[in-house]
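Novice: Provided below for reference: sequence and predicted model.
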Amino acid sequence: MKPIYFSLLCVLFYLLLFPSGLCFADINRQTGTLCSESDNSLNEDDGFLVNLRTTMDSLSDNVINRHGFYKTRVGSKKSNTVYGSVLCRGDISADNCSNCVLNSIKAASDDCPKSRDVSVWFRWCFLRYANQSFFGTMEETSVAVTNDTDFDEAKVVSEGLEFMGGVAESASEKSIMFETGVLDVNNVTKRYGMAQCTRDIRKEDCRRCLQAQLQNFRTGIGNKRRWEIYGVNCFMWYNDYRFYNNASILLSGAKRQSPWKRYTIGIWVGVLAMLQMVM
Ligand SMILES: *[C@@H]1O[C@H](CO)[C@@H](O)[C@H](O)[C@H]1NC(C)=O
Ligand SMILES: *[C@@H]1O[C@H](CO)[C@@H](O)[C@H](O)[C@H]1NC(C)=O
Ligand SMILES: *[C@@H]1O[C@H](CO)[C@@H](O)[C@H](O)[C@H]1NC(C)=O
Ligand SMILES: *[C@@H]1O[C@H](CO)[C@@H](O)[C@H](O)[C@H]1NC(C)=O
């Protein structure tokens with residue numbers, strides 16, 4: 001697996017590989033990491049690291065009983081407070097969710113040991129922590145992953161994005177903020193879609209987040225048969241086989257959480273990057 005470095009944004013994204021033969025296995029793998037600039041003042045004497053460990057323990061302890069999405073804040077002083085959240089993909093089992101969260105916590109400490117603002121994407125879960133609150137604040141930062149030459153049939157291309165627009169709309173209307181859908185083209189060809197938002201944002205923000213992804217990446221993904229988009233508040237997947245399970249029992253009883261804070265403190269560079277994918 002070959003890493004690509006975007007030094008400007010300190011983004012490190014792995015190419016997403018679906019090795020041939022494994023095309024029908026929905027396997028978990030790390031798809032990217034975003035670390036803020038290394039901060040050498042971050043050391044063992046810094047209360048931040050102590051609070052970070054407590055935050056990570058709390059995320060992994062609570063993500064299942066909070067139906068796959070949990071956010072928390074640890075710390076008494078502004079300078080060492082940690083804000084953390086974790087989201088599992090809506091169709092994965094509780095065990096796979098727990099494992100994915102533990103893996104993402106390990107990946108964060110391996111890949112970004114000196115950063116105070118870290119995002120880790122796996123196919124099955126998303127972890128973020130920062131030294132300032134990002135709860136309830138929608139950000140459009142996203143990366144799309146696709147195979148440059150894997151063009152779809154013309155009759156599907158004309159319907160694909162509109163279909164995904166519908167899946168997005170429907171995800172934003174649901175309290176679990178998760179939706180799957182099937183596109184049936186002339187009873188012969190099918191495409192499968194899935195969309196999800198973090199449950200701390202408002203439904204209008206979920207809709208805007210997903211629509212912005214479709215809009216911003218339309219030229220890259222519009223004519224492809226498979227793609228995935230990873231953001232910090234919303235996510236979409238599109239493929240030519242049923243890569244997802246039915247909504248997990250993990251989600252039953254899940255409700256959208258009200259944002260703790262509406263205002264933004266630190267805004268990430270809202271740059272959208274397009275990545276090519278090897279399939
Ligand atoms: C968060 O950490 C960065 C350095 O990594 C620092 O510049 C910033 O002031 C910190 N924010 C708060 C609220 O402490
Ligand atoms: C979860 O993990 C088990 C094996 O540990 C696997 O059989 C199952 O299909 C996985 N998939 C999902 C999406 O939960
Ligand atoms: C991309 O897709 C094309 C068409 O399906 C395939 O032939 C090619 O091997 C893929 N590229 C890579 C780098 O996997
Ligand atoms: C998934 O849902 C469909 C329709 O709701 C149902 O027919 C099917 O049996 C379900 N599959 C599993 C594995 O639960």
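Specialist: Happy to help now that I have it. Ligands and ions are numbered 1, 2, ... in the order given.
Novice: Can you name the next helix or strand after the helix or strand harbouring G181?
Specialist: Using DSSP states H and E, G181 falls within strand 178-185. Moving toward the C-terminus from strand 178-185, the next helix or strand (DSSP H and E) is strand 189-197.
Novice: same for whichever helix or strand comes after that following strand, what does it pack against?
Specialist: Of the helices and strands lying after strand 189-197 in sequence (DSSP H and E), the nearest is helix 203-216. Taking 3 or more Cβ pairs under 8 Å, 6 or more residues apart in numbering; DSSP states H and E as the contact definition, the neighbouring helices and strands of helix 203-216 are strand 142-146, helix 154-173, strand 189-197, strand 227-231, strand 234-239. To be clear about C-beta, it is placed using only N, CA and C from the backbone, and glycine gets the same treatment.
Novice: Buried residues, helix 203-216. List them.
Specialist: Residues of helix 203-216 classed as buried under the neighbour-count rule (16 or more other Cβ atoms under 10 Å) are K203, D205, C206, R207, R208, C209, L210, Q211, A212, Q213, L214, N216.
Novice: residues contacting the fourth one?
Specialist: Put plainly, it is R207. With contacts taken as Cβ atoms under 8 Å, 6 or more residues apart in numbering, R207 has the following neighbours: A168, E169, S172.
Novice: Can I have the buried ones of those residues as a PyMOL selection?
Specialist: Selection of the buried residues among the contacts of R207 in PyMOL, burial being defined by 16+ other Cβ under 10 Å:
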select buried, resi 168+172
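Novice: filter the contacts of R207 by proximity to ligand 2?
Specialist: Restricting the contacts of R207 to those touching ligand 2 (Cβ under 6 Å from any ligand atom) yields no residues.
Novice: Ligand 3: which of the contacts of R207 is nearest?
Specialist: Proximity of the contacts of R207 to ligand 3, judged by Cβ to the nearest ligand atom, is greatest for A168, which lies at 25.2 Å.
Novice: I'd like the average pLDDT over stretch 165-173.
Specialist: Over the span of stretch 165-173, the pLDDT mean works out to 97.
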